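In: here is a sequence together with a model predicted from it:
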Amino acid sequence: MNKRKWLFVCVAALFSTVAYSQLSFADSSDSSTTQTIDNSITAPSETDSSENTTEETADSNISFTESTNPTSESSSETSEKPQDVEDTQVIKQAIHIQKIISSNQINNQGRQVTQQEGVNGAKFIVYDITNILEEMTQDDNEKNQSVEIIESKLKDRAKKLSYDQLKKVTEGETKTIDDQEGVIDFSIEVPANKKQAYYIVNESSPENISNSEDIVLLTPVSDEKGEFLTDVWLYPKSKKSEPKEEIKKVVSTGVKKNFFDNCWDFFTHLFFND
């Protein structure tokens, strides 16, 4: 009987131990599951925090962009202001015309060329033909043409007009200026963004010197870099001819006598003159 009680006690103790182990394992599983659920619940919170951070960053970026845009517009307006200044800029240029003896065309691009044989005493007249240029530019067929073609057409039109129909700017004779012979100067003030045209005519020249071809000048004149020149030099060429010598004929007066008449006159004068 005692053995049975002891066996029952042992079985009961073993059963209690197994039950306790199962309950402990179940509790640990529940705890782990609870932690996992808590973690899964907490993760969206972190995601929400990340999303909030992203939204805040985006908002800050938008705020920064909005605060930057006025600066960009201000910079754009500032960059446009110099253009406005250039549009209203007036260019002052001194035009130097030197009539020279030469058979070759000088391509000086408006620059001064020294050691030229100038001609003093030649009369030049300068006309403003900007109105003709404006009429040409209003014609679509005349737009987008080279400077050479425009100058040639302006010259042809100006030649067909009388001088009374042209607006005179200045006139004068060439002279020695700063050790340069054959020079006449005049000054102009023109808008930087608007072309003006001048028609230069050599009206008369000294004896044995030919008149130069008419010149059309488009202003303001710039160099190959696009910079406006302060001084512009033009070199209308001319030819020099040698003066013709006059051959004078001596015409004798009186009666023409033959050889025998001259001999008779000689002896008569020799012997009978006394």
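Out: Okay, I see it. Numbering: from 1, shown residues only.
In: surely Y127 meets E203?
Out: No - Y127 is beyond contact range of E203, at 11.3 Å (criterion: CB atoms under 8 Å). Any C-beta I mention is one placed from the backbone N, CA and C, and that applies to glycine too.
In: neighbour count winner among these two?
Out: Y127 (23 against 12; other CB atoms under 10 Å).
In: the helix or strand where the more buried one lies pairs with which strands?
Out: Assigned by DSSP states H and E, Y127 falls within strand 123-128. Partner strands for strand 123-128, per DSSP bridges, with pairing direction: strand 167-173 (antiparallel), strand 196-204 (antiparallel).
In: among these, which comes closest to K143?
Out: Comparison of these against K143 by CB to CB identifies strand 196-204 as nearest, at 15.4 Å.
In: buried ones in that closest one?
Out: Neighbour-count burial for strand 196-204, counted by 16 or more other CB atoms under 10 Å, picks out Q196, A197, Y198, Y199, I200, V201, N202.
In: which outside residues touch it?
Out: With contact meaning CB atoms under 8 Å, 6 or more residues apart in numbering, strand 196-204 is reached by 95, 97, 99, 122-130, 132-133, 154-155, 158, 163, 166, 169, 171, 188, 190, 211-220, 234, 236, 238.
In: re the thing from before, which elements pack onto whichever helix or strand comes after the strand holding Y127?
Out: Note on strand 123-128: by DSSP H and E, the next helix or strand toward the C-terminus is helix 130-138. Helices and strands touching helix 130-138, by 3 or more CB pairs under 8 Å, 6 or more residues apart in numbering; DSSP states H and E, are helix 147-159, strand 196-204.
In: worst mean pLDDT among the ones you listed?
Out: Of all the helices and strands packed on helix 130-138, mean pLDDT reaches its minimum on helix 147-159 (a mean of 92).
In: export that helix as CSV, just CAs?
Out: Once non-C-alpha atoms are left out, helix 147-159 reads as follows in CSV (Å, rounded to 0.1, in the frame of the first residue of the first chain):
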residue,chain,number,x,y,z
VAL,A,147,26.3,94.8,-95.4
GLU,A,148,28.0,95.0,-98.8
ILE,A,149,24.7,94.4,-100.7
ILE,A,150,22.8,97.0,-98.5
GLU,A,151,25.5,99.6,-99.1
SER,A,152,25.5,98.9,-102.8
LYS,A,153,21.7,99.3,-103.0
LEU,A,154,21.8,102.5,-100.9
LYS,A,155,24.4,104.0,-103.2
ASP,A,156,22.3,103.2,-106.3
ARG,A,157,19.3,104.8,-104.8
ALA,A,158,21.1,107.9,-103.5
LYS,A,159,22.7,108.5,-107.0
